[in-house]
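Engineer: sequence? don't have it. structure:
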């Protein structure tokens, strides 16, 4: 379906080429189905292809997907709402709200035993959580060999497709038993900042994290299908999630809609990877960001906050070792930012993030364009799925002005 017009600067013929290119991934068995959406200058093109499950019902425009790490920018926006209300400040210590993380000890070196530590030079701040520089996170060494990696796994935070499910206070208690791998502000380490950020937001707001998101972001933007679980009456629109079966070369079910991890409210509302959403719901969020914090008459954030969020906040030294995740990109608040033009779709200033269960979102302010790709085939590695790469190449080649 396309309502792109001449004013959008998108070529109808080339959008047709995009549909053909994405359909090949379904024909080849890479994914059972997908929803792909490109929005430019207020006009929207959407392709709905394949099925919600192998042998299942046809994919629908309003199919619900597990968006996993595309949750991170939503969590960052929630934090910036509290910054704009002066209930949090970017560089104030968080000890008052997160006493479990006060008075941190830091490994003497990354190879040290977990009891070989020195005092942290300063407290953890909100900026550290937003930029993933708090000193906790995924250690970029595979296979695991450092004592801190074993301790992280023993605490219940091993990297992988199954996310932590502890209640919020228990999650913070467990993080509080670990030393920091690096000094606060020293190194970008993936993911943990967003998990802790959700707990922080709930404590500061005096409500559940889900309740805050619903009231301050989802309701104003009309995101009616975005939540931390899928209620019973919506399960018929919820896609099945698959992983690769390397032994057979086929797809195997990872999460069933009716009996899986999203069929009931979770014990932990995961600010790093817990949301489900639809293409149009997430496009509302993306357009709000692209419009400098406003969608229609609703203003979620100020333009300066969005500009700060979508500006690179890390140095090459802070990113050291995590290039396999970020590549040539930088990191803003809860999302990546392209800093170097080295590919067709790598335009400096383009921002967004991917989800490990098979989703991708980026917006390009220079081109006034947003793209959203939703599948439910899990990533096999930090490298993007081929369908991701093809979608972005095909989306950019459709620009016709």
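Structural biologist: Structure's in. What do you need? Nothing here was measured: the structure is a model prediction, and the numbers come from that model.
Engineer: so how many other residues sit close to residue 210?
Structural biologist: 19 (other Cβ atoms under 10 Å). Any C-beta I mention is one placed from the backbone N, CA and C, and that applies to glycine too.
Engineer: please tell me I have it right and it contacts residue 226.
Structural biologist: No - here residue 210 does not reach residue 226: they are 10.3 Å apart, not a contact under Cβ atoms under 8 Å.
Engineer: and residue 320, how far from residue 272?
Structural biologist: Counting by Cβ to Cβ, to the nearest Å, the separation of residue 320 from residue 272 is 22 Å.
Engineer: more neighbours, the two?
Structural biologist: residue 272 (22 against 12).
Engineer: I figured that one hits residue 69, correct?
Structural biologist: Yes - using Cβ under 8 Å, residue 272 is in contact with residue 69, at 6.7 Å.
Engineer: which neighbours do those two share?
Structural biologist: Residues touching both residue 272 and residue 69 (Cβ atoms under 8 Å, 6 or more residues apart in numbering): residue 191.
Engineer: and residue 44, how far from residue 9?
Structural biologist: Applying Cβ to Cβ to residue 44 and residue 9 gives a distance of 13 Å.
Engineer: likewise for residue 247?
Structural biologist: 47 Å.
Engineer: cool, and residue 232?
Structural biologist: 43 Å.
Engineer: counting neighbours, go ahead and name the busier of those two.
Structural biologist: Comparing residue 232 with residue 9 by other Cβ under 10 Å, the one with more neighbours is residue 9, at 17 against 9.
Engineer: which ones are touching the more buried one?
Structural biologist: 40, 41, 399, 400, 401.
Engineer: got the phi and psi for the second one?
Structural biologist: Backbone geometry at residue 41, expressed as degrees, to the nearest 10, gives phi 50, psi 40.
Engineer: for the remainder of this discussion, apply numbering that starts at 78.
Structural biologist: Shifting the count to begin at 78 puts that one at residue 118.
Engineer: residue 447 is in contact with that one, correct?
Structural biologist: No - with contacts defined as Cβ under 8 Å, residue 118 does not count as touching residue 447, sitting 10.5 Å away.
Engineer: so how far is residue 177 from the residue nearest to residue 304 when sequence neighbours are not counted?
Structural biologist: Distance criterion Cβ to Cβ, 6 or more residues apart in numbering; nearest residue to residue 304, sequence neighbours excluded, is residue 353 at 6.3 Å. The gap separating residue 353 from residue 177 is 29 Å, by Cβ to Cβ.
Engineer: now do the helices in this structure.
Structural biologist: 89-104, 148-161, 203-208, 224-231, 245-253, 269-282, 286-290, 296-298, 356-367, 380-386, 393-396, 400-403, 463-474 (DSSP state H).
Engineer: so for residue 317, which of the ones you listed sits nearest?
Structural biologist: helix 89-104 (14.4 Å; Cβ to Cβ).
Engineer: could you give the mean pLDDT of the closest one?
Structural biologist: Averaging pLDDT along helix 89-104 yields 95.
Engineer: okay, buried residues for it please.
Structural biologist: 92, 95, 96, 98, 99, 102, 103 (16 or more other Cβ atoms under 10 Å).
Engineer: any idea how far the first one lies from residue 250?
Structural biologist: Right, residue 92. Residue 92 is 51 Å from residue 250, by Cβ to Cβ.
Engineer: now do the helix or strand of the chain with the lowest mean pLDDT: distance to the chain's middle.
Structural biologist: Among the helical and strand segments of the chain, the one scoring lowest on mean pLDDT, DSSP states H and E is helix 400-403, with a mean of 88. Computed by Cα atoms, centre = their mean, to the nearest Å, the separation of helix 400-403 from the middle of its chain amounts to 15 Å.
Engineer: what does stretch 459-469 give?
Structural biologist: 15 Å.
Engineer: could you tell me the least trusted of the helices of the chain?
Structural biologist: Across those, the lowest-scoring stretch is helix 400-403, with a mean of 88.
Engineer: need the per-residue pLDDT for the residue of the chain positioned farthest from its centre.
Structural biologist: Largest separation from the mean C-alpha position in the chain: residue 193, at 33.5 Å (Cα atoms, centre = their mean). On pLDDT, residue 193 comes in at 98.
Engineer: spatially nearest residue to it (excluding sequence neighbours)?
Structural biologist: Of all residues not flanking residue 193 in the chain, residue 185 sits nearest, at 4.9 Å (Cβ to Cβ, 6+ apart).
Engineer: also residue 317?
Structural biologist: residue 130 (3.8 Å).
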